[in-house]
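> Just to be clear, the model below is a prediction. Sequence and coordinates:
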Amino acid sequence: MTTLKKTLRLTRAAWAAGCAMLCSAGAMAQEVIPVELPDERNMIGAGAFAVPDFYGAEDYHAEGAGFLHVNLGNGLWLELLGQELRLNVVPGYVGQNFQQLSTVRAGFIYRGRPSRDNDVDDEVVQRMQRIPIASELGVFASYSLPMPGGNPMHKIVFSGDAAWATNTVYSGAAGNVRATYFYPFPQGLGGKPLLGSAGFGLFFTSDHFTERYFGIQGADLALYPELGGVPFRPEGGLTSIRIPVSLTSQLDPHWSVTVAGRYERLLNDAADSPLVRTRGNENQWTVGAAINYYF
């Protein structure tokens, strides 16, 4: 009972801290910061990233992002990466007669997808209909495949998630599938441990999601005379590919520094949108750095 009470207290405290950091993050912060935590140590961190002004933008601006990982006991944890909060509910073990579930993680995800308003550089997009922040709730799962050599940091992590808007911004789901390779460099950097990662992911969206963020209709039609008054209503499906990379240097047992980036290529109807073709770019980048403290 004491262990259960301690876990509940940790859960409440971690959830409160995560929500506070989530609410304090910028409204325009990217919904998926290009950082994936390689292990499950308790940590807190902060970083700064250059992100697109809006989804499909040509221009960029700087945004801050918070990071948090809190272990709740028996393999359960709460994790914050920028605008994304995850709660793992798969225990590390479920009894003496069961194999340890150290390679499987699954649980719930909350995400604040950024708004699009007049706080952008592009003069035409400034005048388009505002899209408020989307509050998303969903599920995630991941599997870690250990690589030969016995180093637990040398692995491939396969993961996926799907989320639905809890407000009325869009209907249908938005989801990701990805694989990330982690490689601990044997020489390190200046005698310090150095961990690299590279991944590949696919981003899928519903018809209404794609229409909401990339469609041109209603009052916005007047801003795009090349459409001749005909609405552009894109369909969902595979919306983009994402390629994240990162390097993390462990400065000492408590501190590390991460540099990270992600290239995203918009595809299909999203790339064909006049919003992207005439006011933005199908090539999207996110780059930045973060400092982390382990406790």
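That came through, no problem. Numbers count the residues shown, from 1 in each chain.

> all contacts plus neighbour counts: C-alpha atoms, from now on.
Noted.

> In the stretch 101-250 of the chain, where is pLDDT below threshold?
Applying pLDDT under 70 to the stretch 101-250 of the chain picks out residues 101.

> Identify the residues contacting the lengthiest strand in the chain?
Using DSSP state E to define each element, the chain has its longest strand at strand 173-189. Residues outside strand 173-189 that contact it (Cα atoms under 8 Å, 6 or more residues apart in numbering): 38, 153-165, 193-206, 209, 249.

> can you tell me which of these are in helices?
The helices, defined by DSSP state H, take in residue 209 from the contacts of strand 173-189.

> Pull out the buried members of the contacts of strand 173-189.
Among those, those classed as buried by neighbour count (16 or more other Cα atoms under 10 Å) are 38, 153-165, 193-206, 209, 249.

> Residue 295: neighbour count?
12 (other Cα atoms under 10 Å).

> what's the distance between it and residue 68?
11 Å (Cα to Cα, to the nearest Å).

> any residues in contact with both of these two?
Joint contacts of residue 295 and residue 68 (Cα under 8 Å, 6+ apart) are 42, 43.

> Pull out the buried residues from stretch 230-242.
Neighbour counts over stretch 230-242 (16+ other Cα under 10 Å) mark 232, 233, 234, 235, 236, 237, 238, 239, 240, 241, 242 as buried.

> Using CSV, lay out these together with secondary structure and distance to residue 45.
Converted to CSV, the buried residues of stretch 230-242 look like this (DSSP: H, G, I helix; E, B strand; the rest coil; distance: Cα to Cα, whole Å):
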residue, secondary structure, distance to residue 45
232, strand, 42
233, coil, 40
234, coil, 38
235, coil, 38
236, coil, 35
237, strand, 34
238, strand, 32
239, strand, 30
240, strand, 28
241, strand, 27
242, strand, 24
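
> In JSON lines: those residues, plus distance to residue 220.
Formatted as JSON lines, these follow (distance: Cα to Cα, whole Å):
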{"residue": "232", "distance to residue 220": "10"}
{"residue": "233", "distance to residue 220": "12"}
{"residue": "234", "distance to residue 220": "15"}
{"residue": "235", "distance to residue 220": "18"}
{"residue": "236", "distance to residue 220": "20"}
{"residue": "237", "distance to residue 220": "24"}
{"residue": "238", "distance to residue 220": "25"}
{"residue": "239", "distance to residue 220": "22"}
{"residue": "240", "distance to residue 220": "24"}
{"residue": "241", "distance to residue 220": "27"}
{"residue": "242", "distance to residue 220": "29"}
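
> Spatially nearest residue to residue 198, not counting backbone neighbours?
residue 245 (4.4 Å; Cα to Cα, 6 or more residues apart in numbering).

> contacting residues around the host helix or strand of the one you found?
In the assignment (DSSP states H and E), residue 245 maps to strand 237-250. With Cα under 8 Å, 6+ apart as the test, strand 237-250 has contacts from 34-35, 188-189, 192-207, 210, 256-270.
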